[in-house]
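Q: just to be clear, the model below is a prediction. Sequence and coordinates:
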Amino acid sequence: RINQRICEVSPVGMLILDSSGEFLRVNESAARIIGLSVEQLLTLNFRTLPSWQRSGLLEAAERALQSGQSQQGETRTTATGGREVCLEYTFKAFVENGASRLLLLIIDNSERVRTQAEMAQTRRELQTVLDTIDALVGFWGTDLRCRFANRCYKDWLGWEPSAMKGKHLRELLGEKWFTDAQPRFEAVLKGELVRVLMVLPSSVRNREVLVSYVPELVDGAVTGFFTLAVDITALKEAERGAQAASLAKSEFLANMSHEIRTPLNSVIGYSTLILDTALSPQQIDYVSAIRTAADALLTQINSILDLSKIEAGKLELELIPCDLRTAIEDSIEILAEAAERKGLGLTYLFAPDCPQQCRTDPGRLRQILINLVGNAVKFTSAGDVIVRVSRTETARVPQVLFEVEDTGPGIPEADIPKLFRPFSQA
């Protein structure tokens with residue numbers, strides 16, 4: 001009764017067969033795996049079942065009966081309804097009441113086989129992807145031995161991926177290269193993400209690569225790390241080319257600015273001298289127009305020269321004593337005539353607590369004030385333009401705050417994002 005109970009509750013399919021092929025006893029698990037009821041199975045003869053012939057079960061049963069030895073294996077067969085089943089089977093011959101019998105144990109491995117097939121397909125797809133990308137991808141254990149390497153290792157370095165498996169990084173890299181990289185290995189094995197730019201030598205050509213060392217963490221513990229090396233040689237060459245082009249442009253602008261500024265200074269100088277001579281009102285207007293246009297052109301050339309200095313990283317600021325009132329008045333004086341022509345009031349308010357002397361770059365201060373006040377005058381049709389100067393405290397040292405206020409229309413809110421954007425005007 002105990003054996004019968006065990007047979008009934010076992011997840012393994014159990015069948016007792018006689019040598020003629022009859023099904024004598026069958027448990028529920030066997031019926032479920034085959035797809036028939038116990039009663040239906042007991043009416044069958046395995047020697048006449050086509051599925052047993054096709055799957056090799058009949059041949060295995062015959063061998064077990066003839067040899068008296070267990071026969072084990074795996075096979076695919078068709079269950080009721082056309083469902084394909086992967087079976088693990090064991091035939092064991094024995095004698096019961098003087099008659100030959102067969103014990104057949106079956107386990108349905110269909111789900112496991114399907115899962116293994118899906119995993120194998122996923123591995124093949126992943127391997128194809130990793131072998132296709134133009135980057136070194138590898139995985140290394142905590143013992144610094146290779147667990148995986150993609151095809152790029154052969155293309156770049158001539159290392160066969162299959163031969164790399166199990167090899168230590170010291171053996172693959174060589175003593176010097178390994179010693180140089182060892183601090184990075186130690187860091188990534190502590191769980192740190194490491195990135196480094198380096199030159200990767202090879203027999204074909206040297207490559208500039210960005211190498212990432214990414215730790216694999218399982219339950220907070222490092223079990224190994226991935227290496228990903230991306231070839232950025234073309235990007236770096238393009239960057240160097242762009243820098244060279246930018247430098248050449250800056251040098252050209254600087255040279256041209258100097259070449260143009262020399263004769264322009266002569267125009268300004270001679271026009272100033274002419275204005276000091278006896279001229280008719282009409283001549284004064286003409287010469288004044290020449291002088292004004294030359295001054296405006298010189299301002300633009302100086303701006304171009306400043307831009308070229310900034311791009312070349314050679315713009316230097318002075319830090320010298322400066323009289324703020326003088327700098328402000330000089331700036332306002334240059335724009336006073338333009339403001340007067342438009343009927344605008346142009347003045348400045350100097351706060352009582354604001355120091356008159358400070359350390360700054362007077363030339364750059366005047367340049368900024370002229371730009372800000374000039375814009376205010378340009379876009380204000382009526383009213384006033386006021387420059388406010390006050391003292392402000394910071395965490396380090398006292399500073400001077402300059403504010404330019406006008407009664408113009410202001411900047412529409414939609415145009416504010418355009419501020420400081422190249423080739424746009426707000």
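A: Arrived safely, thanks for sending.
Q: which ones are touching Cys152?
A: Each residue near Cys152 by Cβ atoms under 8 Å, 6 or more residues apart in numbering is listed here: 131, 133-137. In short, each C-beta sits where N, CA and C put it, glycine included.
Q: which of those fall within strands?
A: 135-137 (DSSP state E).
Q: low-confidence ranges, the stretch 51-200 of the chain, go.
A: Applying pLDDT under 70 to the stretch 51-200 of the chain flags the ranges 81.
Q: count of residues packed around Leu305?
A: Neighbour count for Leu305, taken as other Cβ atoms under 10 Å: 20.
Q: sorry, that was for Asn206
A: Asn206 sits with 10 neighbouring residues when counted by other Cβ under 10 Å.
Q: show the contacting residues for it.
A: 199-200.
Q: now Leu369
A: 327-328, 331-332, 387, 402, 404.
Q: now it: how far from Glu337?
A: Leu369 is 16 Å from Glu337, where distance means Cβ to Cβ, to the nearest Å.
Q: ok, Phe379 next?
A: Separation of Phe379 from Glu337 (Cβ to Cβ): 17 Å.
Q: so Gln357 sits right up against Arg325, yeah?
A: No - taking Cβ atoms under 8 Å as the definition, Gln357 is not a contact partner of Arg325, at 9.5 Å.
Q: now Val230, which residues is it bridged with?
A: Beta bridges link Val230 to Ala135, Leu210 when assigned by DSSP bridges.
Q: isn't it right up against Glu208?
A: No - in this structure, Val230 is not within contact of Glu208 by Cβ under 8 Å, at 9.9 Å.
Q: all strands of the stretch 51-200 of the chain, in order?
A: 71-78, 84-96, 99-108, 135-141, 146-149, 194-200 (DSSP state E, counting those that start in this stretch).
Q: among the ones in strands among the contacts of Cys152, who's most crowded?
A: Sorting these by how many neighbours each has (other Cβ under 10 Å) puts Leu136 first, at 23 neighbours.
Q: what's the nearest residue to it if we skip its chain neighbours?
A: Counting by Cβ to Cβ, 6 or more residues apart in numbering, Ala229 is the residue found nearest to Leu136 once chain neighbours are left out, at 3.8 Å.
Q: my guess is that neighbour contacts Val214. True?
A: No - the criterion here is Cβ under 8 Å, and Ala229 misses it with Val214 at 11.8 Å.
Q: looking at the two, which is more packed in?
A: Using other Cβ under 10 Å as the criterion, Ala229 and Val214 rank with Ala229 on top: 21 against 16.
Q: contacts only, for that one.
A: 135-136, 200, 209-212 are the contacts of Ala229 under Cβ under 8 Å, 6+ apart.
Q: try 6 Å this time
A: Ala229 is in contact with 136, 209, 211, counting by Cβ atoms under 6 Å, 6 or more residues apart in numbering.
Q: isn't the second one up against Leu200?
A: Right, the one you point to is Val209. Yes - shown here, Val209 and Leu200 form a contact pair, counting by Cβ atoms under 6 Å, at 4.9 Å.
Q: the stretch 201-350 of the chain: strands as residue ranges?
A: 207-218, 221-231, 320-323, 345-350.
Q: for the last one, name the packing helices and strands.
A: By that I understand strand 345-350. With contacts taken as 3 or more Cβ pairs under 6 Å, 6 or more residues apart in numbering; DSSP states H and E, strand 345-350 sits against helix 324-341, strand 384-392.
Q: lowest mean pLDDT across these, which one is that?
A: Mean pLDDT values for these show the minimum at helix 324-341, a mean of 87.
Q: quick one: contacts of it?
A: 346, 348, 356, 362, 365-366, 369-370, 373-374, 377.
Q: recalculate using a threshold of 8 Å.
A: Against helix 324-341 from outside (Cβ under 8 Å, 6+ apart): 345-348, 350, 354-358, 362, 365-366, 369-370, 373-374, 377, 385, 387, 389, 400.
Q: distance check, Tyr286 against Ile274.
A: The gap separating Tyr286 from Ile274 is 10 Å, by Cβ to Cβ.
Q: quick one: Asn27 and Ala187, what's the gap?
A: 59 Å.
Q: cool, Glu171 as well?
A: Between Glu171 and Ala187 the computed distance is 21 Å (Cβ to Cβ).
Q: just Ser288 next, same as before
A: From Ser288 to Ala187 the distance is 71 Å (Cβ to Cβ).
Q: and Asn45, by the same measure?
A: Distance, Asn45 to Ala187, using Cβ to Cβ: 70 Å.
Q: hey, where'd the helices end up in this structure?
A: 2-9, 28-34, 38-41, 50-55, 57-67, 110-132, 152-157, 161-164, 169-173, 175-188, 233-275, 281-312, 324-341, 362-379 (DSSP state H).
Q: could I get those helices as CSV with distance to Phe91?
A: Output for the helices of the chain, formatted as CSV (distance: least, Cβ to Cβ, whole Å):
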stretch, distance to Phe91
helix 2-9, 17
helix 28-34, 14
helix 38-41, 16
helix 50-55, 12
helix 57-67, 4
helix 110-132, 20
helix 152-157, 48
helix 161-164, 40
helix 169-173, 50
helix 175-188, 54
helix 233-275, 64
helix 281-312, 86
helix 324-341, 106
helix 362-379, 97
